[in-house]
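> Next comes the sequence, and after it the predicted model I'd like to discuss.
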Amino acid sequence: MEERPDGLADAQVAAALAAHWDIEVCDLRYLPVGFGGYHWSADEADGSRWFVTASDLARYYSLADLELAMSTAVRLAQAGLEFVVAPVPAATGRAACPIGARYAITVSAFVDGIPGRWGDPLATADLAAVTEMLARVHAIPADPGDVPVPALELPDRGVIEDSLRERARTWQTGPYGEPARVLINEHAASVANALVTFDELTAELTASAGELVITHGEPHSGNLIRSDDGLLLIDWDLVGLAPPERDLWWIVSDSGAEAAQYAQLTGSSVSEVALSLYRLRWDLSDLAEFLAWLRGPHERSADTETVWRAVTEILDRLAARYPGNAG
């Protein structure tokens with residue numbers, strides 16, 4: 001996030017690092033990178049450098065699920081998956097520790113390399129490398145009690161449905177409230193069609209459910225770092241036990257090369273239904289989150305501008321895939 005977190009000062013972060021990780025910070029710098037988490041670099045006097053992330057428990061997940069996800073990443077790294085950038089457990093062994101009532105922090109070694117950027121296309125060779133990485137992650141056995149199990153349903157679906165019902169009213173919530181309402185009104189039919197399609201795909205996948213595997217959740221270019229040792233996969237907070245397509249939709253291209261490679265590596269074919277479902281679920285989940293943001297009190301900032309751009313892009317994609325006449 002470009003904006004700093006509300007109610008979380010650098011001094012609190014430094015104190016938590018000392019209390020939970022025995023890290024004595026001599027230089028702590030906020031890093032306005034990524035979207036969703038809040039990040040700092042933390043340097044110690046001996047030259048050790050750490051990457052610190054604060055996660056908003058009020059927005060994305062519970063502390064229990066975050067701890068399960070991060071503990072899973074630790075186990076994956078311990079299982080020999082050298083590309084997994086896992087958190088460093090605290091002195092108590094916890095992979096994530098609460099800081100205040102709203103946030104939790106995780107710590108990993110600061111990685112030297114070239115970070116990818118969200119939205120950047122991956123070259124053919126990189127797609128092949130990520131496909132192999134995911135196949136190795138998916139091969140690690142896990143029990144449901146050890147890994148979060150994300151539901152197929154949309155947890156914030158009501159936000160989208162309320163937005164459709166209330167699109168004739170004014171949304172005087174901030175600079176992007178009314179523009180968001182106008183945009184939803186223009187795309188109402190395609191959003192409604194997308195929800196219907198989501199339900200159909202969910203029913204079809206549920207009826208033919210296959211094996212669940214450990215999934216990263218968002219293995220896109222923004223979560224890759226190019227190091228001297230090859231590509232590294234970061235940001236494991238959304239780890240979950242799910243069909244492999246929860247990961248694969250990010251990387252399977254129109255050529256089908258990655259699906260064929262994955263099948264060869266794992267012996268499992270890739271489901272087009274599941275790919276379509278998870279692709280649509282990502283857009284609808286983001287749309288719900290960002291509409292809630294813009295329908296609530298907000299001001300113009302770098303983060304709200306990012307949210308506004310994302311809403312317009314999502315609605316354009318839904319209009320192209322699920323066209324209809326607005327009513």
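Thanks, I have the structure now. Numbering: from 1, shown residues only.

> and the residue positioned nearest the centre of the chain, helix, strand or coil?
Centroid check for the chain by Cα atoms, centre = their mean gives residue 218 as the closest residue, at 5.1 Å. Per DSSP: H, G, I helix; E, B strand; the rest coil, the local secondary structure of residue 218 is coil.

> any idea how far the residue lying closest to it once chain neighbours are set aside lies from residue 18?
Closest residue in space to residue 218, ignoring its immediate chain neighbours: residue 238 at 5.9 Å, by Cβ to Cβ, 6 or more residues apart in numbering. The way it works is simple: take the backbone N, C-alpha and C, and place the C-beta from them, glycine included. Residue 238 sits 28 Å away from residue 18, taking Cβ to Cβ, to the nearest Å as the criterion.

> more neighbours, those two?
When residue 238 is set against residue 18 and neighbours are counted by other Cβ atoms under 10 Å, the residue ahead is residue 238, at 19 against 12.

> thinking again about what came up before, please give me every residue in contact with the residue nearest to residue 218.
61, 69, 150, 216, 217, 218 (Cβ atoms under 8 Å, 6 or more residues apart in numbering).

> can you put those residues in TSV and add distance to residue 134 and pLDDT?
Listed next are the contacts of residue 238 as TSV, based on distance: Cβ to Cβ, whole Å; pLDDT from 0 to 100:
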residue	distance to residue 134	pLDDT
61	21	79
69	16	95
150	16	92
216	7	98
217	11	97
218	12	96
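
> Among these, which one has the most neighbours?
Among the contacts of residue 238, residue 216 has the most neighbours (other Cβ under 10 Å), with 28 neighbours.

> That one and residue 247: what is the separation?
Distance, residue 216 to residue 247, using Cβ to Cβ: 5 Å.

> Could I get the buried residue list for stretch 257-272?
258, 259, 261, 262, 266, 270, 271 (16 or more other Cβ atoms under 10 Å).

> tell me how far it is from the chain's mean position?
On the basis of Cα atoms, centre = their mean, to the nearest Å, stretch 257-272 is displaced by 23 Å from the centre of the chain it belongs to.
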